[in-house]
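S.K.: Let's see this in three dimensions:
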Amino acid sequence: MAVTYKKLWHILIDRNLKKKDLEAMAGITRYQMYKLSGDKDVTTDVIGAICAALNVKADDIMEFIPDKEDAAK
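M.R.: This is a model prediction of the structure:
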C-alpha cells in the first residue's frame, strides 16, 4: 500500500507556507521533507510532529493508496 501527502501540500498552499517553514515549525529534517515530497514512508514521529505543528490529524495530511493488485480484489 502506497501513501500520498497531497493533502499536506494543499494545507501548506492554503496557509501560505513553504516546505522549509514546515521543517522549522515541525522540527523535521530536510531528508524527512525530501521523503515526504517523494511520497515515501516516514516515521509516525514525523507525522505526529507535522500534525502538532499544523494542528491537524494524520488523515488531514496523508492518504493511503491501495496497490494495483489490492484494488483488483
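S.K.: any low-confidence regions in the chain?
M.R.: Residue ranges of the chain with pLDDT under 70: 69-73.
S.K.: Tell me which stretches of this structure form helices.
M.R.: 6-14, 19-26, 30-37, 44-54, 58-61, 68-72 (DSSP state H).
S.K.: Switch those over to TSV; also include mean neighbour count.
M.R.: Yep, even glycine has a C-beta here, placed from its N, CA and C like the rest. Putting the helices of the chain into TSV (neighbours: other C-beta atoms under 10 Å) gives the following:
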stretch	mean neighbour count
helix 6-14	14
helix 19-26	15
helix 30-37	15
helix 44-54	16
helix 58-61	14
helix 68-72	8
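S.K.: starting at the chain centroid, how far to stretch 14-23?
M.R.: Its chain's average C-alpha position is 12 Å from that of stretch 14-23, according to C-alpha atoms, centre = their mean, to the nearest Å.
S.K.: now the end-to-end length of that stretch.
M.R.: 17 Å (C-alpha to C-alpha, to the nearest Å).
S.K.: How about stretch 19-35?
M.R.: 12 Å.
S.K.: Any chance you could list what contacts it?
M.R.: 12, 17, 37, 41-42, 46, 49-50, 52-54 (C-beta atoms under 8 Å, 6 or more residues apart in numbering).
S.K.: tell me which residues form a beta bridge with E63?
M.R.: T4 (DSSP bridges).
S.K.: how deep is it tucked in, by neighbour count?
M.R.: By other C-beta atoms under 10 Å, the residues close to E63 number 14.
S.K.: Touching, it and A2? I think so.
M.R.: No - applying C-beta atoms under 8 Å as the test, E63 and A2 come out as separate, 9.5 Å apart.
S.K.: That'll do, ta.
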